[in-house]
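**Student:** here is a sequence with its predicted model. Questions after.
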Amino acid sequence: MPILVKGVLTAEDGSPFRAEQTILFVSNHGARQLDYVPSTIRALEEVVKGAQGRIPMFLDGGVRRGTDVFKALALGASGIFIGRPVVFSLAAEGEAGVRKVLQMLRDEFELTMALSGCRSLNEITRNHIVTEWDTPLALPAPRL
């Protein structure tokens, strides 16, 4: 029977599981349990590297825009889950609101792909993004 494991934030969290039985959800539970846990997008890359491509990985939490979807895929997620934007749009405008927010996310995601030169999901790679935890770019010294 497949096992879905939610709440994975480190490579160690996901290491006991075998690929044929597991799907991992990188999630900090909306940071409700501990206010100092890393964001899901920050934890994603470490967990993906720890799994070494053996386990499907999904990002659960923190997705608010189509660019967030693109970043998650670039960092190795197999897919993403969307919570708050859907719930908020459902409360505000019902089914039509959910349709609208999902279309907005799709449109933003497709625009991000186009601006990044990606014609398919397979073309999205880690090289398409720079994160705050990457090594800063070396800028030339100003001329005086």
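**Tutor:** Structure's in. What do you need? What you see is a predicted model; the values in this text were computed from it and never measured.

**Student:** now do the strands in this protein.
**Tutor:** With DSSP state E as the criterion, the chain has strands at 3-8, 22-26, 57-60, 79-81.

**Student:** which of these sits closest to Ser120?
**Tutor:** Set against Ser120 and scored by Cβ to Cβ, those come closest in strand 79-81, at 15.1 Å. The C-beta positions use only the backbone N, C-alpha and C, and glycine is treated the same way.

**Student:** hmm, who's touching the closest one?
**Tutor:** Contact with strand 79-81 is made by 25, 58-61, 63, 68-69, 72-73, as judged by Cβ atoms under 8 Å, 6 or more residues apart in numbering.

**Student:** isn't Ala74 up against Glu123?
**Tutor:** No. Shown here, Ala74 and Glu123 do not form a contact pair, counting by Cβ atoms under 8 Å, at 10.3 Å.

**Student:** span of stretch 75-90 from start to end?
**Tutor:** End-to-end distance for stretch 75-90: 29 Å, by Cα to Cα, to the nearest Å.
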